[in-house]
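J.: Sequence and predicted structure, then a few things I'm wondering about:
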Amino acid sequence: MGSITNAINQTYIYCQESKSTAYFVNNGTVFYFTDYFGEDDSLLHHFYYGAQKVLLGYYKDIQLKDELMIDGFFNKFITNLHDFTAPFFHYCKVKYHFSFNTCDNEHNPTEISFQTSCIATIGKKEYKKVTYSFLLKEGKIASFTINNNQTAVCEN
């Protein structure tokens, strides 16, 4: 996987293994994804959701919350039904939450960890929850963990 820029200056990550693409923006304050094309069970798809919106500076108690598109969290039947009824009401939602866990030095950090979660609901009932943990060392992603059991270790 690597970061690439296309002809219309959109930056994206492409995964050769899954043939998946995730488009993102880094505005110097926040890193966020804008679109994803590919397999729903790939590592890049999890990274797309886990790093959906990441603050690029450490602020101890700051949290980010957002509501995401429902594609990729619900099965096709539920997604299609929701698309049909969406002009009238929305009952499927995916809530995103970002918060910092630890930082070795607030003024000159070399190691930061943060956690994110995506919670999909139908009405008030939880349909699916996925948690992600990230460890950053020396300004790079050292590891990325999905649901506290599947870890990707970054070598470069």
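T.: Sure thing, it's come through.
J.: a helix runs through Phe47, doesn't it?
T.: Yes: per DSSP: H, G, I helix; E, B strand; the rest coil, Phe47 lies within a helix segment.
J.: partners of Val30 in the sheet?
T.: Applying DSSP bridges to Val30 gives these bridge partners: Leu55.
J.: wait, what's in contact with it?
T.: Lys53, Val54, Leu55, Leu56, Leu64 (C-beta atoms under 8 Å, 6 or more residues apart in numbering). Heads up, the C-betas are built off the backbone N, CA and C, glycines and all.
J.: What distance do you get for it to Leu64?
T.: Val30 sits 8 Å away from Leu64, going by C-beta to C-beta, to the nearest Å.
J.: what is in contact with the two at once?
T.: Contact with both Val30 and Leu64 is made by residues Lys53, Val54, Leu55, according to C-beta under 8 Å, 6+ apart.
J.: Just give the number of residues close to the closest residue to the second one other than its chain neighbours.
T.: Take Val54 and drop its neighbours on the chain: the residue closest to it by C-beta to C-beta, 6 or more residues apart in numbering is Phe31, 4.6 Å away. With neighbours defined by other C-beta atoms under 10 Å, the count for Phe31 comes to 15.
J.: pLDDT at Phe31, what is it?
T.: At Phe31, the predicted lDDT confidence score is 95.
J.: What of Val153?
T.: Value for Val153, per-residue pLDDT: 69.
J.: re earlier: farthest-separated two in the contacts of Val30?
T.: Leu56 and Leu64 (11.4 Å; C-beta to C-beta).
J.: okay, these two: which has more neighbours?
T.: Legend: neighbour count by other C-beta under 10 Å for Leu56 and Leu64, higher for Leu64 (16 against 10).
J.: contacting residues around that one?
T.: Leu64 neighbours (C-beta under 8 Å, 6+ apart): Val30, Lys53, Val54, Leu55, Tyr96, His97, Phe98, Ser99.
J.: Over to Lys129?
T.: Ser117, Cys118, Ile119, Ala120.
J.: Try it again at 6 Å.
T.: Ile119 (C-beta atoms under 6 Å, 6 or more residues apart in numbering).
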